[in-house]
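S.K.: Next one to model:
(one chain, ligands or ions: 2)
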Amino acid sequence: HTIYRKDYASPSFFVDTVEMGFDLDPDATIVATRLTMRRNPASRGKTLVLYGESLRLVALRMNGKALSKRAYTLGHGTLEIANPPDEVVLEIETVTQPSQNTSLMGLYVSNGNFFTQCEAEGFRKITFFPDRPDVMATYKVMLRADKEKYPVLLGNGNLVEQGDLGDGRHYAVWEDPFRKPSYLFALVAGNLVCQEETFRLQDGRDALLQVWVEEGNLDKTQHAMESLKNSIRWDEERFGLELDLDRFMIVAVSDFNMGAMENKGLNIFNTKYVLANPRIATDVDFANIESVVGHEYFHNWTGNRVTCRDWFQLSLKEGLTVFRDQEFSADMIGTDSGRAVKRIEDVRVLRQAQFPEDAGPMAHPVRPDSYVEINNFYTVTIYEKGSEVVRMYQTLLGRDGFRKGMDLYFQRHDGQAVECDDFRRAMADASGRNLDQFELWYSQAGTPRVTVATRYDEMSNIYTMSFTQSCPPTPGQPKKLPFHIPVAVGLLDSSGRDIPLRLQKGGTEGSSEGVHANDPAPTTMVLELTQQTQTFDFVGVLEQPVPSLLRNFSAPVVLEYDYTDAELGFLMANDSDPFNRWEAGQRLALRRMLSLVREVKQGAALDASLLDTALTDAFRVTLTDTSLDPAFRELALTLPSESVVAEQMEVVDPQAIHAVRRFLRRSLAQALRAEWLAAYEANLTPGEYSPDAESAGKRGLKNLALSYLLDLDESDGHQLAQSQYDAANNMTDRLSALGALVNSSAPGREDALARFYDEFENEALVIDKWFSLQAVSYNTDVEAVRALMRHPAFSLKNPNRARSLIFSFCSGNPAQFHAPDGSGYAYWAELVITLNALNPQVAARLARVMDRWRKYEPALQRNMRNALEDVAAAKSLSKDVLEVITKSLAN
Ligand code: ARG
Ligand code: ZN
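M.R.: Numbers count the residues shown, from 1 in each chain. Ligands and ions are numbered 1, 2, ... in the order given. Sure thing, here's the model as predicted:
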C-alpha cells in the first residue's frame, strides 16, 4: 500500500537511549535491546508502535515486567502496545538468521563476516524499534563473538571497552555520543585488517582514521585514505565543518546493494568504491572512489548531524551531499577546465539517467508525495536533480550567500530531523531573498523546457531575448506552474569575444531584479525566469551577437534555441564558457544523428553521401586544438549516447540509432584517421602510473582515439590495441585495449579475454569488469549473455557481479537487448523474477530498465508489455518490484 507525505504524524514515543547486546552467530544471532522511551506530549492516548521484520521475538518486558501475549499485538511488520505508561523501559530479545539474509538489509553475512545496512528501513530487521528518522537516540552496543572467526568487532562512535569472555569468545563495547536515527546504526564483525593513520584536525585535535578490508587487500587502501583526508580538509575549508568524532572508520564489503553508507563514524562501502591500485582500478574508479568517500564523509554533517524528518525529505540530505561531493571533486582537480570537465560529466549523467526518469512512469518530484517502497526512491531524481536544485541556490545567491545559508541551516537545525522547506528557509533568511516560488523545484516533477527567441535591432543596438517555459505532465501532475529558473547567459561578438552585458533599465517585468552581478558590465549574467514568458533587452550591442545560453548548465532544464550549424561551430570554437563549447558540439552531433536516423527509417543506405563536413570539420578543430585540455577534448569528441538520442525521438528505433551511431563513428574515424593517430601518440603517459586528472585526461583522449580507430576494424588498429594491451602497466590502458579488441573482429580477441581472466581471476572487481565489457560488446547477444551466466565465476547473489553482466547488458547494450524477436525482454523478465526472490532491491533496479517501454516502436512495445505482464503475474513479488511494474504498466 501507498504511504503519503500528507499523512505525516510525529511519533507517539521518543527514544532517549538504546542499549544493545549482540551474540553474533551466522545462523542465529541473539539481539537483546533495552530502550528508554518517553511519550511525545503531542500524542496523548496513542499506542506505542514498533516495527520489526523477519524477526523471532523471544522475550518482551516493559518496565521490568514480562508482557503477556495479550498486552501486545504482532501485526504485519509491527508490534503494538496499547495503553502504555508515559515512561517506558522496553526490553526486547530477538533472533535473526544473518547467513540466510540475501536481501543485504539489516544484519547479513558476506564472505564469512558480519555487516549491517539499515538505511532506509533495515534496523527493523535487527530488532523491534520505532524505525523512522525522526526518532533519534544515543546508542551503546556490546558485540560478542567467536574470537578466532571474528577478531575485529566494530560499532558506531567510540570504543569504550573490550575483552575476553573466556569461552573462546570476546567482546567490544561501542558508544556513540551523538543522537542518531536508527538508519545510521552499524556494526561490523569479522576477520579484517586495516590501514590507519592519525590526522590532525583544524582545531588541533587528532583523529584516528581507518580503512578496513579483507586480508590481502591492504595494497588497495591508500587512495581511499588519501581521499578521506582530502575530504576532511575540504569540509573544514569550504564549509567550516569539522569531524566531530575521535575515530572515523571506512569498511569495505563485497556484497552491497548500493555504493556506500554513511553510518555514524563507521561508513560501510561497496568494495568497488574503496579498493584501488593501478593494477586493478581504472582512472574512472580512482575518481569515483574519491567522490564516494567524500560523499559519505560529508553526510556526517548533511544527513547525520542534521537529518531527515521523514523519507519524503530524502533529497534534503542526498541532493545536498551530492552537490557537496561534486564541488569537492571539482576543487580537487583544481584547474578551471577541470571544473568544467567535472560539470560536463555530471550533466551527462543527469541527461542520460534523470531526464528519462523524469519523463517516464516513475517520475517523481525531488520531494515525493507518496511511495510504496522507499528503497525505490534512491533515484537519480533525489540525488542528481536534488543536487542541481541545491546548485541553483548557489547560482542565485553566489558562493558567499550560499555559505551564509549553510551556516544558518546548521545554526538552526543541528541535532534535528528536518524538512526540505527548512533548508530553503535558511537560504532565504540568510540572504534576505524571497525563495517561495523556488519551492516548486521540490514539489513538481518533470524536466522544464525553456524556449528562447532572439531579435537584434540595428538602429537601437538592442538585443532582445524572449524566454518561454513549460513543463510536461507527469503521473499525478497534469498541470505545472512556472518555475524560478536561473539562466546564465553571455553574448559573443563576431570575433568570438564576450560582449559586456547591460540590460535596459526599467525594461520588461522581472528584468531588473532578475539580474545581479557586481560588475557594471559583466560578460555572464544570471537572468531569473519566474513567469511563463519573459523578455530581456540588452543595450549597447553594436553588432548581431551569437547568444551563449544556460552557461555552465545553470538549471536542470531542456533549453531550445534555433541555432544554425554555423553558430554551433562558432560557439564550439569560441565560447568562453567551456560547458557551452561542449554543449554546442553535442547539439550539432545530435542534430546530425537524428537526421541520419530519419534517413535510415526512410530506407536510405548509410553511406558517405549522407554526410556533410560540418561535424567532421568541427571535430577536427577540437581534436587538433592542443590548447584544450585532453580531458575536455575527450568529452567534446564523444558522440551523444544511444539512450540520449532515443530520448529525443517520438518513437524509438534502437537498431536504427545504433546503426547511425556506429556509422558516424566510423566516418569520423575514417575522415580524421591521421588526427586520431597523432592524438594517440601525443597523449601517451609513459613512466609510472598516476591517477591525477592531467594524466587521466591524456589516457582518456588516447583511449578514445583508440576506440575510434578500432571502429575501422582494420589490422593496424588491431595491432595498436594488441600492443597497448601487452605493454600496459595499468588497468585503464589494459581495459580500454581489451574493450576495443572485443568490439572488433581482431583475431586476438578471444585470446586476450582468456588471458585477462587468468591474470585477474582472484580480483573480484576486475572480473566484474571482464563480465561487463563482454555484456556491452556489439558482438554479445542474449544467448552469449546466458552462456556467460553459466561461467563458474558468475553469481546472482553478489550484486556487483549480477550488475556487471545483467544490468550492463539490459541497459548498456540497447541494440542487442531490443532484439526484434523479444528475446532480450524475455531474458529480462526471467531475471527480474529470479532476483526478486533473492534481493528485492536489486530486482527492482533491474525492473526499471523497462521504464520507457511506451516510447518504442509498436512491435517492440508489444513484446515489452508481454514481458512486463509476465513479471506482474509472477508469484510473491516484493513491494519493490511490484511498485515499479505496476507504475510502468499504468503510466
Ligand atoms: N545513504 C546512502 C548514500 O547515499 C545510500 C543508502 C541507500 N541504501 C538503500 N538500501 N536504499 O550514500
Ligand atoms: Zn548519500
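S.K.: wait, isn't L831 in contact with L846?
M.R.: Yes: the pair L831 and L846 passes the contact test of Cβ atoms under 8 Å, sitting 6.2 Å apart. For the C-beta atoms, the positions are set from N, CA and C on the backbone; glycine is no exception.
S.K.: Show me whatever sits in contact with both of these two.
M.R.: Each of I806 lies in contact with both L831 and L846 under the rule Cβ atoms under 8 Å, 6 or more residues apart in numbering.
S.K.: who's in contact with stretch 833-843?
M.R.: Stretch 833-843 is contacted from outside by 102-105, 257, 373, 375, 796-797, 799, 802-803, 832, 846, 870-871, 874, 876-881, using Cβ under 8 Å, 6+ apart.
S.K.: change it to 6 Å
M.R.: Applying Cβ atoms under 6 Å, 6 or more residues apart in numbering, the set of residues contacting stretch 833-843 from outside is 102-103, 257, 375, 799, 832, 874, 877-878, 880-881.
S.K.: Kindly report the same for stretch 547-555.
M.R.: 347, 395, 452, 454, 485-491, 524, 559, 561, 575, 577, 579-580.
S.K.: Which helix or which strand is home to the closest residue to ligand 2 within the stretch 51-200 of the chain?
M.R.: Using Cβ to the ion, E119 is the residue of the stretch 51-200 of the chain that sits closest to ligand 2, at 8.8 Å. When secondary structure is defined using DSSP states H and E, no element contains E119, which sits outside every helix and strand.
S.K.: ok, now which ones touch the closest residue to it other than its chain neighbours?
M.R.: Nearest residue to E119, sequence neighbours excluded (Cβ to Cβ, 6 or more residues apart in numbering): Y183, at 4.2 Å. Contact partners of Y183, counting by Cβ under 6 Å, 6+ apart, are 118-120.
S.K.: tell me the pLDDT at Y183?
M.R.: The confidence metric pLDDT takes the value 99 at Y183.
S.K.: Doesn't it lie inside a helix?
M.R.: Yes: secondary structure of Y183 (DSSP: H, G, I helix; E, B strand; the rest coil): part of a helix.
S.K.: how about the residues of the protein near ligand 2?
M.R.: Neighbours of ligand 2 within the chain, by Cβ under 5 Å from the ion: 318, 321.
S.K.: What is the longest helix seen in the chain packed up against?
M.R.: Assignment by DSSP state H gives helix 386-413 as the longest helix of the chain. Packed against helix 386-413, as judged by 3 or more Cβ pairs under 6 Å, 6 or more residues apart in numbering; DSSP states H and E, are the following elements: helix 314-333, helix 420-431, strand 485-492.
S.K.: want to throw those into a markdown table with mean neighbour count, distance to ligand 1 and mean pLDDT?
M.R.: Conversion of these to a markdown table gives the following (neighbours: other Cβ atoms under 10 Å; distance: least, Cβ to the nearest ligand atom, whole Å; pLDDT from 0 to 100):
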| stretch | mean neighbour count | distance to ligand 1 | mean pLDDT |
| --- | --- | --- | --- |
| helix 314-333 | 24 | 6 | 98 |
| helix 420-431 | 20 | 16 | 98 |
| strand 485-492 | 23 | 26 | 98 |
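S.K.: correct me, but D283 touches M731?
M.R.: No: under the criterion of Cβ atoms under 6 Å, D283 makes no contact with M731, lying 8.7 Å away.
S.K.: Retrieve the pLDDT associated with the residue of the stretch 51-200 of the chain found nearest ligand 1.
M.R.: Relative to ligand 1, the nearest point of the stretch 51-200 of the chain is E119 (4.5 Å; Cβ to the nearest ligand atom). Turning to E119, the model gives it a pLDDT of 98.
S.K.: For it, grab the count of nearby residues.
M.R.: Each residue near E119 was counted by other Cβ atoms under 10 Å, and the total is 24.
S.K.: and it, what are its phi and psi?
M.R.: Backbone torsions of E119, given as degrees, to the nearest 10, read phi -80, psi 140.
S.K.: In stretch 691-706, which residues are buried?
M.R.: The neighbour-count check on stretch 691-706 (16 or more other Cβ atoms under 10 Å) flags 691, 693, 695-706 as buried.
S.K.: Kindly report the same for stretch 812-821.
M.R.: Counting neighbours by 16+ other Cβ under 10 Å, one finds that the buried residues in stretch 812-821 are 812-819.
S.K.: next one: stretch 255-263
M.R.: Along stretch 255-263, the positions that meet the burial threshold by neighbour count (16+ other Cβ under 10 Å) are 255-258, 260-263.
S.K.: From ligand 1, how far out is V600?
M.R.: Spatial separation of V600 from ligand 1 under the definition Cβ to the nearest ligand atom, to the nearest Å is 41 Å.
S.K.: same thing with L664?
M.R.: To ligand 1, L664 is 37 Å away according to Cβ to the nearest ligand atom.
S.K.: again, but for H818
M.R.: According to Cβ to the nearest ligand atom, H818 stands 29 Å off from ligand 1.
S.K.: for that residue, what are its contacts?
M.R.: 654, 860.
S.K.: doesn't L615 fall inside a helix?
M.R.: Yes: checked against three-state DSSP, L615 lies within a helix.
S.K.: Need the per-residue pLDDT for it.
M.R.: At L615, the model reports a pLDDT of 94.
S.K.: Please apply the same query to L542.
M.R.: Residue-level confidence at L542 comes out at 98, pLDDT.
S.K.: Report how many residues lie close to R673.
M.R.: Residues lying near R673 (other Cβ under 10 Å) number 16.
S.K.: and if you look at R502?
M.R.: R502 has 16 neighbours, counted by other Cβ under 10 Å.
S.K.: thought it was touching V539?
M.R.: Yes: under the contact definition of Cβ under 6 Å, R502 touches V539, with a separation of 5.3 Å.
S.K.: which residues touch D146?
M.R.: Here D146 is in contact with R169 (Cβ under 6 Å, 6+ apart).
S.K.: how about 8 Å then?
M.R.: Taking Cβ under 8 Å, 6+ apart as the test, what D146 contacts is 24, 168-169.
S.K.: Neighbour-wise, give me the winner out of these.
M.R.: L24 (23 neighbours).
S.K.: quick one on the thing from earlier: which ones among the buried residues of stretch 691-706 map onto helices?
M.R.: Reading helices off these with DSSP H, I get 693, 695-706.
S.K.: Give me the phi and psi angles of G360.
M.R.: When read as degrees, to the nearest 10, the backbone of G360 gives phi -110, psi -170.
S.K.: same question but for L611, I mixed them up
M.R.: Here the main-chain torsion angles of L611 (degrees, to the nearest 10) amount to phi -100, psi 140.
S.K.: What's the local residue count around the residue nearest to it when sequence neighbours are not counted?
M.R.: Counting by Cβ to Cβ, 6+ apart, the nearest residue to L611 once its immediate chain neighbours are dropped is S667, at 5.9 Å. A total of 20 residues lie near S667 under the criterion other Cβ under 10 Å.
S.K.: Flag every buried residue along stretch 478-487.
M.R.: 480, 482-487.
S.K.: how long is it from one end to the other?
M.R.: Using Cα to Cα, to the nearest Å, the end-to-end distance of stretch 478-487 comes out at 25 Å.
S.K.: that older thread, now the longest helix of the chain against helix 314-333, angle please.
M.R.: Taking axes from the mean of the first three to the mean of the last three Cα atoms, to 10 degrees, helix 386-413 and helix 314-333 form an angle of 100 degrees between their directions.
S.K.: how far does helix 386-413 sit from the chain's center?
M.R.: Relative to the chain's own centre, helix 386-413 is displaced by 21 Å; criterion: Cα atoms, centre = their mean, to the nearest Å.
S.K.: That helix to strand 485-492, inter-axis angle?
M.R.: 120 degrees.
S.K.: now helix 386-413 against helix 420-431, angle please.
M.R.: 70 degrees.
S.K.: Helix 386-413 near ligand 1 at all?
M.R.: No: figure legend: helix 386-413 not in contact with ligand 1 (Cβ under 6 Å from any ligand atom); closest approach 10.8 Å.
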